[in-house]
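curious how this folds, go ahead:
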Amino acid sequence: MVTNFYDAIAEKLGWEDVTDEEKPKDVESLIDYFSKIIEEESKPEYASDEMEALDNFVKQGGDLSKYLTIETELNFDNIDLDDEANQKLVVKQLLKSKGFSDKKIEKQIERYADAGLLEDEANDALEDLKEIKEQQKQ
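Okay, here's the model as predicted:
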């Protein structure tokens, strides 16, 4: 009776790839079979790993607005470090995240520029900012 019931459902849903040995023979195995299918089909599919991480963050009680603030504040993925203004911006952001005052930040940036080290410092700062961003997301 269970096999006939299963066959009727399988026919309606187009489950043609199940062999006779795999078909449930009793009520308990039918319930187990359906439970496994429901579990497999209930897993969400994400557009990216980042979306999955965001979903998990929110599920665990994370504040979505805080996550989005972190994402927008430190969006340096496509910044052009050939531009001196961007170099200064990146270095400034890193020093600010380390607790430097605005006055001290400006002095440090001037020193880097005068010594011809601004671009190198900006590249290093960019890597540090990316790491900080990932840590904040987590």
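
could you use CA atoms for every contact and neighbour count after this?
Fine.

what stretches of this protein score poorly on pLDDT?
Residue ranges of the chain with pLDDT under 70: 67-75, 137.

okay, domains of it per the record?
2-41, 74-137 (automatic domain parsing).

buried residues, the first one. List them.
In this case it means domain 2-41. Judged by neighbour count using 16 or more other C-alpha atoms under 10 Å, the buried positions of domain 2-41 are Tyr6, Asp7, Lys23, Pro24, Leu30.

go on, stretch 81-89?
Buried residues in stretch 81-89, counted by 16+ other C-alpha under 10 Å: Leu81, Asn86, Gln87, Lys88, Leu89.

out of the domains of the chain, nearest to Asp63?
Closest to Asp63 of the domains of the chain is domain 74-137 (C-alpha to C-alpha; 10.8 Å).

distance from that closest one to the middle of the chain?
Between the centre of domain 74-137 and the centre of its chain there are 24 Å (C-alpha atoms, centre = their mean, to the nearest Å).

repeat for stretch 35-45
In terms of C-alpha atoms, centre = their mean, the centre of stretch 35-45 is set 22 Å apart from its chain centre.

could I get the CA-only coordinates of that stretch as CSV?
Extracted C-alpha coordinates of stretch 35-45, given in CSV (Å, rounded to 0.1, in the frame of the first residue of the first chain):
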residue,chain,number,x,y,z
SER,A,35,12.0,14.1,5.5
LYS,A,36,15.3,13.8,3.5
ILE,A,37,13.8,15.3,0.4
ILE,A,38,12.3,18.2,2.4
GLU,A,39,15.6,18.8,4.1
GLU,A,40,17.5,18.8,0.8
GLU,A,41,15.0,21.1,-1.0
SER,A,42,14.8,23.5,2.0
LYS,A,43,18.4,24.6,1.8
PRO,A,44,18.6,28.1,0.5
GLU,A,45,20.6,28.8,-2.6
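
in what helix or strand does Val91 lie?
Assessed by DSSP states H and E, Val91 sits inside helix 84-97.

buried ones in the longest helix along the chain?
Among the segments of the chain that qualify as a helix by DSSP state H, the longest is helix 118-137. Buried residues in helix 118-137, defined by neighbour count with 16+ other C-alpha under 10 Å: Leu118, Glu119, Glu121, Ala122, Ala125, Leu126, Leu129, Ile132, Lys133, Lys137.
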